[in-house]
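A.B. asks: Have a look at this prediction, sequence included:
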Amino acid sequence: MKVAVTGATGFVGSRLVPCLVEAGHSVLVLSRSPHKAQTLFAPQGAAVTVVGYQPTQAGDWQQSLGGCGGVINLAGDPIADSRWTTAKKQQILQSRLLGTQRLVEAIAQASPPPPVLVSASAIGFYGSSETATFHETSASGSDFLAEVCRGWEQAAEAATAQGIRVALVRIGIVVGPGGGAIEKMLLPFRLFGGGPLGTGQQWFSWIHRDDLVQLLMRALTDDQWEGVYNGTAPNPVRMQELCEVLGRVIRRPSWLPVPEFALELLLGEGAQVVLQGQQVLPTRTLSTGFEFQYPQLEQALGQFLQP
């Protein structure tokens, strides 16, 4: 079938699109950077069509969804790449809220409309805790990221009024080759200066990118998938353990902690993304019979990291 994908040039989307093509689908990429997308997906040839768009604005791009068999929505401004100024927080919120609203409008206007929307959310929905365990039925937190996720999900769920099946995937910290949080941690480790961020006791709920891609594809094609699913591996770890595993995999020490104040100077309020965490389990995801290829962190990191 023809699948529309937003956020396709990001860390997850850039792997998802080739996998969709390999599975026999054609892909409509909606991108703010069409030239970048065309270059990135050139190896997929005619199976990928790129349409330029501004995700928070209505436009001609909305007419392109007609005849699509499904939509996967991954678009959103990066969360942990800079300080959370007032303007940055507004970008984080509006890129997800308005972007999803415009996408749902396009789905409603399409002829015929795509029957399914798989929309990303994040485990930030739950807030942070060093002691609690969160499942898909757990209540939302009260901080900024929880607010963002609630609005993001509500915008996607509005498609159900049009008879669209909506699956929401609350994504954890994605690990894989060439990007993500692990890539940012590698340099100090390789220079023999790596270690835990902050106290080391915060939870790190993660998922290998390949598992997340398969989960998104399952949500797209399985009519039984509807509602919320946690996109996290079944074995979260604390930051201290993450750093010990990372050190073992690349054969480097992991004893030098990064103090909280250093991250707060760099990222401001955004430092909470790495200084605070949550233990999230994919309870409902596992109940569907979904099998993780990389359920253990050391196995996941070893797949793409070399000593």
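C.D. replies: Great, that's in hand.
A.B. asks: Count the residues that sit near G13.
C.D. replies: Using other Cβ atoms under 10 Å, G13 is surrounded by 24 other residues. Every residue, glycine included, has its C-beta placed from N, CA and C.
A.B. asks: Next one: it from G76, what distance?
C.D. replies: Distance, G13 to G76, by Cβ to Cβ, to the nearest Å: 11 Å.
A.B. asks: so what's in contact with these two at the same time?
C.D. replies: G7 (Cβ atoms under 8 Å, 6 or more residues apart in numbering).
A.B. asks: Give me the secondary structure label for the nearest residue to Q303 once chain neighbours are set aside.
C.D. replies: Spatial nearest neighbour of Q303, excluding adjacent residues (Cβ to Cβ, 6 or more residues apart in numbering): Y294 at 6.5 Å. State at Y294, reduced to three classes by DSSP: H, G, I helix; E, B strand; the rest coil: coil.
A.B. asks: quick one, what contacts Y294?
C.D. replies: Y294 touches 208, 210-211, 233, 300, 303, counting by Cβ under 8 Å, 6+ apart.
A.B. asks: one more time with 10 Å, if that's ok
C.D. replies: 175-176, 206-211, 233, 235, 300-303 (Cβ atoms under 10 Å, 6 or more residues apart in numbering).
A.B. asks: List phi and psi for the closest residue to A8 other than its chain neighbours.
C.D. replies: Distances taken as Cβ to Cβ, 6+ apart put V29 closest to A8, at 4.4 Å, once the chain neighbours are dropped. Per-residue torsions, V29: phi -90, psi 120 (degrees, to the nearest 10).
A.B. asks: next structured bit after the longest helix anywhere in the chain?
C.D. replies: The helix spanning the most residues in the chain, taking DSSP state H as the definition, is helix 86-109. Counting by DSSP states H and E, the next helix or strand C-terminal to helix 86-109 is strand 116-122.
A.B. asks: helices and strands around that next one, which ones?
C.D. replies: Secondary-structure packing of strand 116-122 (3 or more Cβ pairs under 10 Å, 6 or more residues apart in numbering; DSSP states H and E): strand 2-6, strand 70-73, helix 86-109, helix 144-157, strand 165-171, helix 209-221, strand 227-231.
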